[in-house]
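Trainee: can't give you the sequence, but here's the structure:
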């Protein structure tokens with residue numbers, strides 16, 4: 001773990017930012033910013049404002065720049081294309097220019113959504129081919145980092161889980177909300193494959209790569225490739241409601257009105273590069289799901 005460093009975290013008001021704050025705040029000095037100031041350790045900054053971003057980072061004099069934030073709703077990005085690219089692409093270009101100017105390493109968070117899903121699994125060297133404006137805007141950000149940053153770490157996340165009800169807007173929280181609302185039947189797609197990513201493990205693995213100075217692009221997801229349906233079944237099992245809640249498998253067409261953006265059939269990432277470098281601390285997704293539920297949804301556990 002790196003210690004005694006100054007780290008600027010841009011766009012850290014979400015689920016990933018909370019994990020990074022927990023892991024890196026122990027032995028380092030952090031400045032965490034976001035346009036949504038939802039914690040007392042956050043300061044306001046909209047990183048799409050290039051001059052404000054540049055001035056704030058320069059004033060803090062960090063040893064690292066972590067660019068964490070992004071627009072992650074595929075539907076929003078499809079309907080607000082300019083905002084998607086301003087947030088997920090050009091703001092990243094600004095981060096690259098700032099980090100290069102200050103001669104410090106840059107961390108950028110990419111996504112499994114940059115692939116087209118035609119293959120069942122993707123390793124670190126597979127060629128991205130995004131299907132949506134979300135995926136394309138994120139890939140353009142990643143591409144700019146790789147081509148222009150002097151020293152960088154790009155980490156690709158899968159299906160994110162972390163931070164609990166207040167910040168988790170993804171699959172696990174959506175299921176838990178339905179359960180809290182008393183639903184006894186859950187419709188879950190059976191045609192989408194992927195790999196969960198626990199935010200705490202993700203932050204710890206980033207810390208290890210920085211400590212060893214292993215720069216470059218890395219797939220960073222939990223162990224065990226899976227799908228939406230299997231994750232839902234495991235969640236119901238962990239909370240002890242297999243007899244009370246019925247899971248009904250459906251195709252993606254069932255949710256086509258709500259989730260109309262084009263999504264890849266498979267977003268399964270393989271952590272080949274982490275394994276080759278012997279620095280993979282991402283645990284199996286089932287273990288991480290249990291820990292996540294114990295941390296934030298203990299009232300539901302059997």
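Mentor: It's in. Everything numeric here is computed off the predicted structure, so don't read it as measured data.
Trainee: where along this structure do the helices fall?
Mentor: Here the chain has its helices, by DSSP state H, at 15-24, 50-60, 74-79, 81-85, 91-102, 133-148, 171-180, 199-212, 228-238, 272-276, 285-296.
Trainee: Which positions within the third one qualify as buried?
Mentor: Spelled out, it's helix 74-79. 74, 77 (16 or more other Cβ atoms under 10 Å). All C-beta atoms are positioned from the backbone trio N, CA, C, and that covers glycine.
Trainee: That helix - contacts with which helices or strands?
Mentor: The contact analysis (3 or more Cβ pairs under 8 Å, 6 or more residues apart in numbering; DSSP states H and E) places helix 74-79 against helix 81-85, helix 133-148.
Trainee: among the helices of the chain, which is nearest residue 44?
Mentor: When those are compared by Cβ to Cβ, helix 50-60 sits nearest residue 44, at 9.5 Å.
Trainee: For that closest one, what is the distance to the chain centroid?
Mentor: Centroid separation for helix 50-60 versus its chain: 24 Å, with Cα atoms, centre = their mean, to the nearest Å.
Trainee: Show me what it is in contact with.
Mentor: With contacts defined as Cβ atoms under 8 Å, 6 or more residues apart in numbering, helix 50-60 is touched by 6, 8, 10, 31, 33, 45-47, 65, 91, 94-95, 97-98, 101-102.
Trainee: List the buried residues of it.
Mentor: 53, 54, 56, 57, 60.
Trainee: cool, stretch 186-195 as well?
Mentor: Buried residues in stretch 186-195 (16+ other Cβ under 10 Å): 186, 188, 189, 190, 191, 192, 193, 194, 195.
Trainee: thinking again about what came up before, what would the buried residues of helix 50-60 look like in CSV with pLDDT?
Mentor: CSV is the format used below for these (pLDDT from 0 to 100):
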residue, pLDDT
53, 98
54, 97
56, 98
57, 98
60, 97
